[in-house]
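Undergrad: sequence? don't have it. structure:
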């Protein structure tokens with residue numbers, strides 16, 4: 001459904017080209033300072049404009065419509081909305097008959113008997129991640145000293161170290177590495193797109209978060225990670241590489257009485273519970289499905305295969321805008337424990 005959480009609960013609503021999108025947060029403690037300005041830095045990190053991102057521009061200014069009074073949270077449900085303005089719904093008029101490869105057009109049409117909103121992808125649009133970022137801002141305040149960072153570590157199949165990218169600077173920013181410029185320029189010329197890998201590290205996570213079996217910390221993080229429409233996979237610590245290791249290589253040996261380990265192949269989680277070491281996971285972000293390159297799809301109106309080109313404004317690399325979203329889902333999961 002469209003809600004997640006028990007101790008910290010969020011419900012998202014709206015469609016990409018509707019009047020607005022928003023999120024309702026329950027479980028926010030009373031007395032926490034909160035204003036519109038608290039959201040702006042993270043919302044700006046998600047905004048388009050960097051090389052390789054969509055030309056669509058939205059103000060993305062949050063409106064806090066409940067749950068805050070005199071600059072502090074009240075303990076009542078906190079509602080945040082974002083108005084949609086820069087829409088071109090005509091770009092999506094043909095997708096009922098010719099569903100876009102890689103999108104939810106076909107399955108949504110069948111599941112919702114063609115009553116779903118196709119414009120801009122409707123409720124399936126990546127624009128809805130804006131609500132996750134907003135929830136993440138609140139969650140980060142709730143989890144206090146825990147620090148979260150999630151850079152793109154492998155954009156377009158290129159390991160970050162080959163890009164000579166400064167630590168802490170996000171790809172696509174001004175002065176981006178030449179190799180990255182070349183990849184994006186080539187991808188744009190080819191009317192195509194590329195994906196990426198994002199690695200999230202959560203420092204200062206206390207021992208004991210997570211509820212085995214079905215609400216293990218990995219389960220909660222994975223649940224939320226797959227709410228990001230472009231995510232196709234997740235791994236923790238050594239991840240799939242652990243399948244190629246020996247136990248002596250994968251085991252993390254304790255080095256002090258606080259539970260610190262010499263290595264972190266477990267990614268900071270044992271038995272579904274945080275162990276006091278950094279929680280580390282990686283997500284795979286697919287190439288943007290909407291590309292201007294000629295493809296073929298089935299026309300359900302004519303019953304024939306036809307050439308197909310996606311119109312509209314889209315990202316050449318959606319992974320560029322995902323780091324702050326991945327940080328947000330990590331904070332939400334931790335706040336829910």
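TA: Structure received. It should be emphasised that the depicted structure is a prediction, and the values quoted were computed from it without experimental measurement.

Undergrad: only C-alpha atoms for contact and neighbour calcs from this point on.
TA: OK.

Undergrad: Could I get the full set of strands for the stretch 51-200 of the chain?
TA: Secondary structure of the stretch 51-200 of the chain (DSSP state E, counting those that start in this stretch): strands at 63-66, 68-69, 72-73, 78-83, 147-149, 152-155, 196-203.

Undergrad: what lines up beside the fifth one in the sheet?
TA: When sheet partners are counted by DSSP bridges, strand 147-149 sits next to strand 196-203 (antiparallel).

Undergrad: rewinding a little: now the weakest link among the strands of the stretch 51-200 of the chain, please, by mean pLDDT.
TA: Averaged per stretch, pLDDT over the strands of the stretch 51-200 of the chain is lowest on strand 152-155, reaching a mean of 92.

Undergrad: Each with direction, which strands does that one pair with?
TA: Note on strand 152-155: by DSSP bridges, its sheet partners are strand 196-203 (antiparallel).

Undergrad: so after the strand it pairs with, what's the next helix or strand?
TA: Along the chain past strand 196-203, the next helix or strand (assigned with DSSP states H and E) turns out to be helix 217-225.

Undergrad: list the buried ones in that following helix?
TA: Neighbour counts using 16 or more other Cα atoms under 10 Å place 217-222, 224-225 of helix 217-225 among the buried residues.

Undergrad: do the same with stretch 233-242
TA: By neighbour count, with 16+ other Cα under 10 Å as the criterion, the buried positions of stretch 233-242 are 234-238, 242.

Undergrad: Chain neighbours aside, what residue packs nearest to residue 115?
TA: Leaving out its chain neighbours, the residue that sits closest to residue 115 by Cα to Cα, 6 or more residues apart in numbering is residue 109, at 7.2 Å.

Undergrad: Helix or strand for the residue lying farthest from the centre of the chain, just tell me which one.
TA: Each residue of the chain has a distance to the centre, and by Cα atoms, centre = their mean the biggest one is for residue 302: 36.8 Å. Residue 302 belongs to no helix or strand when assigned by DSSP H and E.

Undergrad: Relative to residue 295, how far out is it?
TA: 17 Å (Cα to Cα, to the nearest Å).

Undergrad: Check residue 7 too.
TA: Distance, residue 7 to residue 295, by Cα to Cα: 45 Å.

Undergrad: And residue 269, by the same measure?
TA: As for residue 269, its distance to residue 295 is 43 Å (criterion: Cα to Cα).

Undergrad: and these two? which has more neighbours close in?
TA: Counted by other Cα atoms under 10 Å, residue 269 and residue 295 do not tie: residue 269 has more neighbours, with 25 against 13.

Undergrad: Let me know the pLDDT of the residue lying closest to the more buried one once chain neighbours are set aside.
TA: In space, residue 269 comes closest to residue 275 once its chain neighbours are excluded; the distance is 5.4 Å by Cα to Cα, 6+ apart. The predicted local confidence for residue 275 comes out at a pLDDT of 98.

Undergrad: Poorly predicted segments of the chain, please.
TA: Regions of the chain meeting the criterion pLDDT under 70 cover residues 48-58, 86-93, 164-177, 312-313.

Undergrad: Which stretches in it count as helices?
TA: 37-46, 105-111, 129-142, 178-189, 217-225, 247-250, 323-335 (DSSP state H).
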